[in-house]
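>>> Can you look at this prediction? I've put the sequence above it.
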Amino acid sequence: MRVTKGAQVVAGTALLALAVAACGGSGDTSGSSSTAGAGNAGAVRVEISEPQHDLIPGNTTETSGAEVLNALFVGLVDYDADKKPFNRVAQSIESPDSTTWTIKLKDGYKWHNGEPVVAQNFVDSWNYSANGANAQEGNYFFGSIVGYDELNPGEGKTPTATTLKGLKVVDDKTFTVQLKNPFSGFPTMLGYTAFYPLPKAAFESEGKLKADYGSNPIGDGPFKISKPWKRGTDQTISLVRNAEFKEGKAKIDAVDFKIYTDLNTAFNDLRAGNLDIMDQLPAEAISTAKSEFGDRYIEQPSSGIGYIGFPIKTGAEYAKNADVRKAISMAIDRKTITETVFSGTRVPADDFISPVVSGYRQGACGEACTYDPAKAKALFDKAGGAKMGAIEIGYNADGGHKEWIEAVANNLRTNLGAQVTPKPVEKFATILDDLGAKKWPGSFRMAWIMDYPSPENYLRPQFGSGGSSNYSGFKDKAFDDLVTQGDAAKTLDEGVKFYQQADDMVLKDLPYIPVYFYQTNGAYSQHVKNVKIDPFERIDLFNVEKA
Amino acid sequence: MGRYVIRRLIQAIPVLLGTTFLIFAIVYALPGDPLQALAGEKRVDPVFAAAMREQFHLNEPLIVRYGYYLRDIVTGNFGTTFRGLPVSTIFEGKFQVTFKLAITALIFEAVIGVGLGLWAALRRGRWEDKFILAITLLMVSIPTLVSGFVLQLVLGVKLKLGTGIDFFPVAGVQDGMRSYLLPGFVLAMVSIAYLTRLTRTSLMETLRADYIRTAVAKGMPRRRVLGRHALRNSLIPLVTYLGADLGTLMGGAVITETIFNLPGIGQQLFQSVYLRENPVVVGIVTVLVLIYIVANLVVDLLYAVLDPRIRYE
């Protein structure tokens, strides 16, 4: 008996091994259909993180989802090398007063199901996204259109309308948009994901999206989805070329978006030739990527700006004093911080308007953003900064900000002789809540990423009276007027002049100190060429070629 | 035996309740608002937040919420994430991946660990023994994070670029069982070392026992003495370790799955904790606890097979 029992154990292990093998065998087939998603053979493979929502334009405000949608859809406008909008689906976007806009569409753009793209598609899509009841992430983009308030009445109330009063379809190729206030930069908004149209086929009934639209979207762009994407399960989103695309065929047959959770892993896959394009690189890899990838390494500004902010009306004494703020700004060694702490993934900031936006002026900040310890110390002492108590710098501990905040603190200690306390908190929202309740006395880290490439987007939300993200408490009638004048200007270029004057006012008062501009760092494999990334960090896959 | 199993399973209920409540309380006690995490660094829309709080009972006291959760679990419903995805969809295929990874690791452990331990015990004090000691020390002292990335770079990237041998995928599961070899080994590394030491010690102890001397004295062949008498009697601590380790491997796959981009439960757990997707975290932990309980039960039952003196009534 004991012999058989012994044999049982052995047999048991053997069975286990067999079971595993069987598991592996079946895994191959089920794996390729569901979890793994082998994708298209010969496709260009692009790294993304998992999109946070299904592939619905109005519900996508993060870069990974936007990347995919950018290949599936084409919007009214796109952005050229000078960051200015040019028309794609739009034939013309015109307004006599910057308030009522008439948008005409070109002929020939078709949905992937063959239907033509008509004005109603844009209106349907915008109405859906603007409706508060649909809880779309891109909802706030529509806030400037007449009728938005009826669709978003506020907490605990139900919307009294389902469509935006300000949108009117004139004919199949024309619709009008009525804005609440004049805004000359309106066309710059229209290239963003939230403003893409939606086809008739996306809707189950009026104002209600089909449940599976987001996993199997029908777009109007150069690529179409080759099989439905199951969010949470599928690791690959596969697209194939849309041969019917009006602007011509894309130069590559297929694109696979591969979902990674770790950038280092993706980077190793890129090195091994299992991945073709990454539009963000792990910080550790930046220094070697330049030499490793040579001219296949991409480095360009992105829309983000990092600041140190101050509650200038309600904060501590040092936060209220403009000279102290300027002294602090001059004592920060931006160059060393961006080069060492950020390994060159950020560049020193010298304006409140990002370099990706037309209207940015190099060195606009002037002396205040130039590292000059001696002058900074003199200014600090003259303003009596040393007697104003320890300078607090709040930051959220969950976002990799500790290093640069500590570096800034060290700068201030050494150069100004000030007492500095970096103050980590769990979540950034805690700082925002405290600032909102006027309970945050010290300085704080802050960042801004644009919603649309207009200087206005860097100014009004952050520094305008009643701006949605005005955390410094900066309030100046002259500033508001200048921004409004910029909005009301006849053309974009005229508007820019006013925005720049407004920008100068903030630069003089420094409610925030611009510290660094974010950068896009990417690289691509030998299999592809002509890889371009736009200000929204989206890859122009239409023009990518096989090398 | 049957009654013993039933009794053990009934005992598992309070364990399950206790652990799930604990993890439930812990994830919801984490500072910060999980709904805020949805909005990133922007502020979450108050209208949206209010609707979500209502839907997820976030305004109710903890114990009431736990009650809702239990009610759903009993009906086989793991709930939905804050981003509107059913938790069961997230689980789909993921446990399979993690299970394959854990089993691969377990096989590496059992084969290499026991093998090396056996060899070291038989060559006690000689250079082989010392060599194995050195190797196992090395394996224990390298963190998974390091060994994972190094092996990935050396075998996945450099080997392919250098020699054209494309056997070890860098990431993903698109290459079937081959995808699990490297991550499985990385995951097993620390355990292999422990198991080697454990096997060596356990076997050496058994080898000194009286019945071994008797067996040798009565002229039994060495192979039989080792296999039938010594090894089998030293297996009990090893089986205990392996059984408990299956649970650890499944839970501990977080780092390995992230490095090798395996869409398994560990990677999901990491992401869900990061994104504050509490329903997913609680769901995964609940299932992991179940696996732990079952693995331990199987280990206890195996004792009886290995040692007839142990009887379960």
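Structure's in. What do you need?
>>> so residue B:230 touches residue B:213, yeah?
No - counting by Cβ atoms under 8 Å, residue B:230 does not reach residue B:213; the two are 11.1 Å apart. The C-beta positions use only the backbone N, C-alpha and C, and glycine is treated the same way.
>>> Which one's more surrounded, the two?
residue B:230 (25 against 12; other Cβ atoms under 10 Å in any protein chain shown).
>>> how about that one, what does it touch?
By Cβ atoms under 8 Å, 6 or more residues apart in numbering or on different chains, residue B:230 lies in contact with B:203, B:206, B:207, B:212.
>>> who wins for neighbours among those residues?
Ranking these using other Cβ under 10 Å puts residue B:203 first, with 24 neighbours.
>>> Just the element for it, please.
According to DSSP states H and E, residue B:203 maps onto helix B:178-207.
>>> Report the buried residues of that helix.
B:179-200, B:202-204, B:206-207 (16 or more other Cβ atoms under 10 Å in any protein chain shown).
>>> how far is stretch A:342-350 from where the chain is centred?
18 Å (Cα atoms, centre = their mean, to the nearest Å).
>>> Can you check the distance spanned by it, start to finish?
Chord length of stretch A:342-350, first to last residue, is 17 Å (Cα to Cα, to the nearest Å).
>>> Next: stretch A:433-449.
Using Cα to Cα, the end-to-end distance of stretch A:433-449 comes to 19 Å.
>>> give the contact list for residue 206.
Went with chain A since none was named. With Cβ under 8 Å, 6+ apart, residue A:206 has these contacts: residue A:162.
>>> was after chain B, sorry
Contacts of residue B:206 by Cβ under 8 Å, 6+ apart are B:212, B:229, B:230, B:231, B:233, B:234.
>>> I'd like the residues you listed written out as CSV, with pLDDT, secondary structure and distance to residue B:304 added.
Converted to CSV, these look like this (pLDDT from 0 to 100; DSSP: H, G, I helix; E, B strand; the rest coil; distance: Cβ to Cβ, whole Å):
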residue, pLDDT, secondary structure, distance to residue B:304
B:212, 88, helix, 23
B:229, 83, helix, 19
B:230, 86, helix, 20
B:231, 83, helix, 18
B:233, 82, helix, 14
B:234, 85, helix, 17
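>>> and of those residues, the nearest to residue A:224?
Ranked by distance to residue A:224 (Cβ to Cβ), the contacts of residue B:206 are led by residue B:231 at 61.1 Å.
>>> ok, that closest one to chain A distance?
Separation of residue B:231 from chain A (Cβ to the nearest Cβ, to the nearest Å) stands at 10 Å.
>>> Look at the residue lying closest to that residue once chain neighbours are set aside and report its pLDDT.
Excluding the flanking residues, the one nearest residue B:231 by Cβ to Cβ, 6 or more residues apart in numbering or on different chains is residue B:203, at 6.8 Å. Note on residue B:203: pLDDT of 90.
>>> residue contacts, residue B:203?
B:117, B:118, B:121, B:230, B:231, B:234.
>>> switch the cut-off to 10 Å
B:114, B:117-118, B:120-122, B:124, B:226, B:230-231, B:233-235, B:238 (Cβ atoms under 10 Å, 6 or more residues apart in numbering or on different chains).
>>> Would you quantify the distance from residue A:361 to residue A:304?
18 Å (Cβ to Cβ, to the nearest Å).
>>> Among the two, which residue is more densely surrounded?
Set side by side, residue A:361 and residue A:304 show more neighbours around residue A:304, with 19 against 15, by other Cβ under 10 Å.
>>> Name the SS class of the more buried one, please.
The three-state label given to residue A:304 by DSSP: H, G, I helix; E, B strand; the rest coil is strand.
>>> so what's it closest to, chain neighbours aside?
Nearest to residue A:304 is residue A:518, by Cβ to Cβ, 6+ apart, at 3.2 Å.
>>> In whichever strand or helix holds that neighbour, which of the residues would be classed as buried?
Using DSSP H and E, residue A:518 sits in strand A:512-524. Going by neighbour count (16+ other Cβ under 10 Å), the buried part of strand A:512-524 is A:512-524.
>>> Neighbouring strands - and their directions - for the helix or strand just after it?
Counting by DSSP H and E, the element after strand A:512-524 in chain order, helix or strand, is strand A:528-529. Note on strand A:528-529: by DSSP bridges, its sheet partners are strand A:545-546 (antiparallel).
>>> where's the partner strand relative to the chain centroid, distance-wise?
Worked out by Cα atoms, centre = their mean, strand A:545-546 lies 26 Å from the chain centre.
>>> residues in contact with that strand?
By Cβ under 10 Å, 6+ apart, strand A:545-546 touches A:42, A:44, A:250, A:251, A:252, A:253, A:276, A:527, A:528, A:529, A:530, A:531.
>>> For the closest residue to the last one other than its chain neighbours, give me its contacts.
Closest residue to residue A:531 apart from its sequence neighbours, by Cβ to Cβ, 6+ apart: residue A:524 at 4.7 Å. Contacts for residue A:524 were tallied using Cβ under 10 Å, 6+ apart; they are A:44, A:46, A:270, A:275-279, A:293, A:296-298, A:530-531, A:539, A:544, A:547.
>>> Could you dump the contacts of residue B:230 into CSV and include distance to residue A:200?
Output for these, formatted as CSV (distance: Cβ to Cβ, whole Å):
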residue, distance to residue A:200
B:203, 74
B:206, 77
B:207, 80
B:212, 82
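>>> what's the closest of these to residue A:284?
Nearest member of the contacts of residue B:230 to residue A:284, counting by Cβ to Cβ, is residue B:203, at 43.7 Å.
>>> so how far is residue B:250 from the closest one?
28 Å.
>>> quick revisit: closest one of the buried residues of strand A:512-524 to chain B?
residue A:518 (13.0 Å; Cβ to the nearest Cβ).
>>> Against residue B:244, how distant is the closest residue to residue B:233 other than its chain neighbours?
Leaving aside its chain neighbours, residue B:233 sits nearest to residue B:206 (5.0 Å; criterion: Cβ to Cβ, 6+ apart). From residue B:206 across to residue B:244, the span is 21 Å (Cβ to Cβ).
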